[in-house]
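Q: Here is the input, now give the coordinates:
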Amino acid sequence: MIGFAGLLRNKKGADYSAFLVIIVFISVIYLFIQLYSKVGVFELRVGDQELALISAYESGDSFLLFVDQGAKYSVYQAVSDIARTGGFVFESEPCGSVEPAISQRILFRYPFWFKDGKKCYPASVYDSFEHYLAKNLGSFLEKGTYSVSSDNFEFTVADDKIIGVALRPVLVPVMVSPEKKLFYGEVMSKVLREFGVPGLGVHVVRPSFSVDANARISDYDILKSQVDVLLDCVKTGSLDACVKSSGSDELKWFYQQIPGTTSFVFDVKQAKVSNPFSKNSVYIRFALDLPGVRVQ
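A: Residues are numbered from 1 along each chain as shown. Predicted structure coming up:
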């Protein structure tokens, strides 16, 4: 057997060795050129896609926290809204309303609960509450990062808890830095066509909330019963005496007559309800038209 040193001393062996060296050198240069020509190979960091996904998860969690906080504000604002409008959606009062100036500074709107001998109670305070909750939540969500409308939520309303669940999910795009978009252009185009958002993909979140709030919607049914008692009482007794007998510790009545009219406006304080954000007491407002009633 002839060794490598023997090949070098042999002319044919020397030629063969030189040929091998040339082939290897050319191959290395070719591979280097091919690798270098790939866009972004030496620019991408390991973990770019994973970091983008983690960022999307964090954005999704932040948005869910944003919805939770917005729901709390919206719920308590809705409690104040339905009290201010007497349980009705604004301008849906079947018997109209009256707007007396209070203390010559503030103009309040009082819907009639009794007028022309007819009771005009709100049919569904729960529906009115959901209307204002959706309106308030919608205004809050407009300030958020991702597009979601209040009509995307289904609500469950109880006296002590309000639950909202999104009917359709919210898509959070998985984004990369601007300098990497060229490398992922084809993928991002597919995601945009399929989901309508730019990015490497989407992180799907379905917002929901549960607010422990003392909304006391059932107070309106209790108040309707108390007004029924009041209307029977004033047929023989004075309004002042009937109001004192109609109120309770949980629903405290205050009233005044609109000068020059037979109409009276009532502010009924919900003793067990308060807005923790505004710190204001909540008063249910309504009006009664009581011709021929003796006040004192």
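
Q: which regions of the stretch 101-250 of the chain sit below the pLDDT cut-off?
A: Within the stretch 101-250 of the chain, the stretches with pLDDT under 70 are 101-107, 176-188, 191-192, 194-195, 199-200, 202.

Q: Helices along that one, start to end?
A: Remark: helices assigned in the stretch 101-250 of the chain by DSSP state H, counting those that start in this stretch are 125-141, 185-195, 219-233, 239-246.

Q: Need the winner for burial among the ones you listed.
A: helix 125-141 (a mean of 20; mean count of other C-beta atoms under 10 Å). Every residue, glycine included, has its C-beta placed from N, CA and C.

Q: Need the contact partners of that one.
A: When contacts are defined by C-beta atoms under 8 Å, 6 or more residues apart in numbering, helix 125-141 is touched by residues 67, 70-71, 73-75, 77-79, 81-82, 85, 87-89, 122, 148-151, 153, 155, 157, 162, 164, 215, 217, 220.

Q: how about the helix ranked longest in the chain: buried residues?
A: Using DSSP state H, we find that the single longest helix of the chain is helix 48-84. Residues of helix 48-84 classed as buried: 48-49, 52-53, 56, 59-60, 63-64, 66-67, 70-84 (neighbour count, 16 or more other C-beta atoms under 10 Å).

Q: could the helices of the stretch 101-250 of the chain be laid out in a markdown table, adding distance to residue 115?
A: A markdown table is the format used below for those (distance: least, C-beta to C-beta, whole Å):
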| stretch | distance to residue 115 |
| --- | --- |
| helix 125-141 | 19 |
| helix 185-195 | 54 |
| helix 219-233 | 12 |
| helix 239-246 | 16 |
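
Q: which one of those lies closest to residue 274?
A: Proximity to residue 274, assessed across the helices of the stretch 101-250 of the chain by C-beta to C-beta, is greatest for helix 219-233 (13.0 Å).

Q: which strands and helices sit next to the closest one?
A: Contacting helix 219-233 under the criterion 3 or more C-beta pairs under 8 Å, 6 or more residues apart in numbering; DSSP states H and E are the following elements: strand 110-115, helix 239-246, strand 251-257, strand 263-274, strand 281-289.

Q: Residue 205 is nearest to which of the ones you listed?
A: Among the helices and strands packed on helix 219-233, the nearest to residue 205 by C-beta to C-beta is strand 263-274 (32.3 Å).

Q: chain center to that closest one, what's the gap?
A: Centroid displacement of strand 263-274 relative to its chain, using C-alpha atoms, centre = their mean, to the nearest Å, is 29 Å.

Q: coming back round to it: got the angle for the longest helix of the chain vs strand 263-274?
A: 140 degrees (axes from the mean of the first three to the mean of the last three C-alpha atoms, to 10 degrees).

Q: After helix 48-84, which helix or strand is next?
A: From helix 48-84 onward toward the C-terminus, using DSSP states H and E, the following helix or strand is strand 97-98.

Q: Could you name the helices and strands sitting against that next one?
A: strand 110-115.

Q: List the strands paired with the strand it packs on, with their directions.
A: Neighbouring strands of strand 110-115 in its sheet, by DSSP bridges, are strand 97-98 (antiparallel), strand 118-119 (antiparallel), strand 281-289 (parallel).

Q: Now do that strand and helix 219-233, the angle between them.
A: Using the same axes, to 10 degrees: strand 110-115 against helix 219-233 is 50 degrees.

Q: quick one: contacts of strand 110-115?
A: Strand 110-115 is contacted by residues 85-88, 93, 95-100, 119-122, 224, 227, 231, 263, 265-266, 285-290 when judged by C-beta under 8 Å, 6+ apart.
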